[in-house]
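Colleague: Sequence and predicted structure, then a few things I'm wondering about:
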Amino acid sequence: MALVDKVKLPKPLSWLLNFGRARSLWVYQWGLACCAIEMGAAFGSPRYDVMRLGVIPFPASPRQADLVVISGTVTDKMAPVIRRLYEQMPEPKYVISMGSCANCGGPYWDSYSVTKGVDQVIPVDVYVPGCPPRPEALLEGIVLLQERIQREDMQERWRGEPIVVPTSAASSTRVPAAPGASGTAPTSAPATGTASAVPAGSAQA
């Protein structure tokens, strides 16, 4: 990986490395409020079985994590802690904002103590709307993130340049059905209540 930012990798090799990174996401769970219950159901319930998607929800510290899921209300007092833990994660690292409170403050947006979205503290890759979003919505956000990682230019990622997500990346996505579960979650516009990927450079760091 030390040569990634210096040498242009052949496309098959780049695809293979991105495939491996997308299917081996170690998730650091950061539950702040009621959305953490839904996140726990998604990561801990055998009904959803996130490990079949290549997601490992058991890192002991942020230093071992590739992905952090911020779920719940972010307060001004908690914001510096979130920033500190994010800075401890090794590159490349990704962020999913889960729930209306983490996205924009939710029903508490006008409170004096609530941060108006975690993207004011750290950059966000995927937003999962809802109050609270169902576990299937979080799984759809993870699938969108995996599609994004698969399309990444590794040189641009390691140089820290803004990543532009193609609009086609958020179309025709279906979450694989878990054993014993019924139905899938189709992807549409964020206004309809589904997860959405955003350019990394557009969030406020």
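Modeller: Looks like it arrived, so ask away.

Colleague: tell me, how many neighbours does N103 end up with?
Modeller: 25 (other C-beta atoms under 10 Å). C-betas here are computed from N, CA, C, even on glycine.

Colleague: Helices of this structure, start to end?
Modeller: Here the chain has its helices, by DSSP state H, at 11-22, 35-44, 79-88, 100-104, 135-150, 154-159.

Colleague: Going by neighbour count, list what's buried in the second one.
Modeller: Looking back up the chat, that one is helix 35-44. Buried residues in helix 35-44, defined by neighbour count with 16 or more other C-beta atoms under 10 Å: 35-36, 38-39, 42-43.

Colleague: Now do the contacts for L138.
Modeller: The contact partners of L138, taken as C-beta atoms under 8 Å, 6 or more residues apart in numbering, are 38-39, 42, 69, 96, 98, 128, 195.

Colleague: mind checking pLDDT for the nearest residue to K93 once chain neighbours are set aside?
Modeller: Among residues not flanking K93 along the chain, D66 sits closest, at 6.2 Å (C-beta to C-beta, 6 or more residues apart in numbering). With respect to pLDDT, D66 has a value of 86.

Colleague: Do I have it right that D66 meets R21?
Modeller: Yes. The criterion here is C-beta atoms under 8 Å, and D66 meets it with R21 at 7.4 Å.

Colleague: joint contacts of those two?
Modeller: In contact with both D66 and R21: P92, using C-beta under 8 Å, 6+ apart.

Colleague: what about the residue nearest to K93, how many neighbours?
Modeller: Using other C-beta under 10 Å: D66 sits among 21 other residues.

Colleague: ok, now which ones touch it?
Modeller: Taking C-beta under 8 Å, 6+ apart, one finds 21, 24-27, 89-90, 92-94 in contact with D66.

Colleague: backbone phi and psi for it, please?
Modeller: phi -100, psi -30 (degrees, to the nearest 10).

Colleague: How much space separates it from P12?
Modeller: Using C-beta to C-beta, to the nearest Å, one obtains 23 Å as the distance from D66 to P12.

Colleague: Same check on Q120?
Modeller: For Q120 relative to P12 (C-beta to C-beta), the value is 40 Å.

Colleague: Neighbour count for these two, which is higher?
Modeller: Applying other C-beta under 10 Å to Q120 and P12 shows that Q120 carries more neighbours, namely 16 against 8.

Colleague: pLDDT and distance to P57 added to the buried residues of helix 35-44, as a markdown table?
Modeller: Below are these laid out as a markdown table (pLDDT from 0 to 100; distance: C-beta to C-beta, whole Å):
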| residue | pLDDT | distance to P57 |
| --- | --- | --- |
| C35 | 84 | 15 |
| A36 | 86 | 12 |
| E38 | 86 | 13 |
| M39 | 85 | 9 |
| A42 | 85 | 9 |
| F43 | 84 | 4 |
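
Colleague: Many thanks, have a good one.
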